[in-house]
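[1] the sequence and its predicted three-dimensional model are supplied below.
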Amino acid sequence: MTGWLTEAVPRGRVAAFRTLVYLFVAADLAVFTPWVRTRVDVPGDLYQPLLVGRLLPLPTPTPALVGVVFWVLLVAALLAATGRAPRLLGWTVFALYFEWMIVAMSYGKVDHDRFGLLVALAVLPTAGRARHGDPTRTEAGGWALRVTQIAVICTYFLAAWAKFRFGGLDWATGSVLARAIIRRGTDLADLIAQVPHLLIVAQFGILAFELLSPLVFVLPARLRTATVGFFYSFHLVTVATITISFAPHLVAMTSFLPLEKVRPVLLARRLLRRGGGPADPTPAGSPSTVSPTAAAPATPAG
């Protein structure tokens, strides 16, 4: 079990995952959750912190507090994406983003798609230094990725458990997807809804998918990658039909992928060289470009 939890991975994979996660945190502040800053405009009596916010305890959000968290977190996440000071900047980003999420989720609505991302932020500082493209294997980095993978799969499995806990089998046989389509469905969803019994079949399929998701850990490597691809396709269909995005969860799920093979900086350099590189100074047809076999006379047949 210990060997499975700390299975060594290339440091380049850890570096790529770290950069992706921290860049998403910066994008999350500016694109996905800028509305958190408006939470301080409502009366403080409406702030009912989550259990962890009551245990610490954390102060009631004020415009000054949320503003400081926003700007310091934004700068720290961009710096952390470079890989510098992985422990100092990593713990800073985790603490500030954790507070950002408590403010966001303490007004009556809690999103479960950020669990994997929060776990990734908590364990990445323990992975140590890692450079892009470094093939050296690290057990500390492997542990960080494995714990993130477990959090991703727990998101699916515990979602199924919650469905059974609060809805029972009525969740699968009811009109859950139908209500979602009425509220925020797309034209594609309207077409699907016209097929008799298809939504009920889809609800049973969602439950089966979530309950069986832990099997991804016992699959062979190639089949595991294909299964993760199916996970992504599931969320693609979700966005295309009922416009629900699981962007933080999808970022955390890249912990399953061989990210060390994706080198955007090297790709950009190659494209620049192809597009604006110096031309070959040797003129066409010169002796240096003529093949020796081409210059020799052809041997007669026979």
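    Alright, I've got the coordinates. None of these values were measured; they are calculated from a predicted model.
[2] hey, let's count contacts and neighbours off CA atoms from now on
    Noted.
[3] which secondary element of this structure has the worst mean pLDDT?
    The helix or strand with the lowest mean pLDDT-type score in the chain, counting by mean pLDDT, DSSP states H and E, is helix 292-295 (a mean of 42).
[4] quick one: V147 from A162, how far?
    22 Å (Cα to Cα, to the nearest Å).
[5] actually, I206.
    Here I206 is placed at a distance of 13 Å from A162 (Cα to Cα).
[6] more crowded one of these two?
    I206 (16 against 11; other Cα atoms under 10 Å).
[7] ok, then the element right after whichever strand or helix holds the more buried one?
    Applying DSSP states H and E as the criterion places I206 in helix 198-212. Sequence-wise, the next helix or strand downstream of helix 198-212 (DSSP H and E) is helix 221-242.
[8] flag every buried residue along the helix holding I206.
    Buried residues in helix 198-212, counted by 16 or more other Cα atoms under 10 Å: 199-200, 203, 206-207, 209-211.
[9] what's the answer for stretch 160-174, then?
    160, 171-172.
[10] would you mind writing the CA trace of stretch 59-76 as CSV?
    Extracted C-alpha coordinates of stretch 59-76, given in CSV (Å, rounded to 0.1, in the frame of the first residue of the first chain):
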residue,chain,number,x,y,z
PRO,A,59,-13.3,36.5,11.0
THR,A,60,-16.4,37.8,9.2
PRO,A,61,-15.4,39.0,5.7
THR,A,62,-14.9,42.7,5.2
PRO,A,63,-14.1,44.6,2.0
ALA,A,64,-10.5,45.1,3.3
LEU,A,65,-10.0,41.5,4.2
VAL,A,66,-11.4,40.1,0.9
GLY,A,67,-9.4,42.7,-1.1
VAL,A,68,-6.1,41.8,0.5
VAL,A,69,-6.8,38.0,0.1
PHE,A,70,-7.6,38.6,-3.6
TRP,A,71,-4.5,40.6,-4.5
VAL,A,72,-2.0,38.7,-2.4
LEU,A,73,-3.4,35.4,-3.6
LEU,A,74,-3.3,36.5,-7.3
VAL,A,75,0.4,37.5,-7.1
ALA,A,76,1.4,34.5,-5.0
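[11] mind listing residues that contact that stretch?
    Around stretch 59-76, the neighbours that count as contacts under Cα atoms under 8 Å, 6 or more residues apart in numbering are 25-26, 29, 37, 40, 44, 47, 89, 92-93, 96-97, 99-100, 103.
[12] ok, now stretch 245-258?
    Outside of stretch 245-258, the residues within contact range by Cα under 8 Å, 6+ apart are 13, 17, 20-21, 24, 113-117, 120, 145-146, 148-149, 152, 225, 228, 232, 235, 238-239.
[13] and for stretch 158-171?
    Contacts for stretch 158-171 (Cα under 8 Å, 6+ apart): 203, 207, 210-211.
[14] and what of stretch 135-148?
    5-12, 14, 116-117, 119-120, 123-124, 126-128, 252-253, 255-256.
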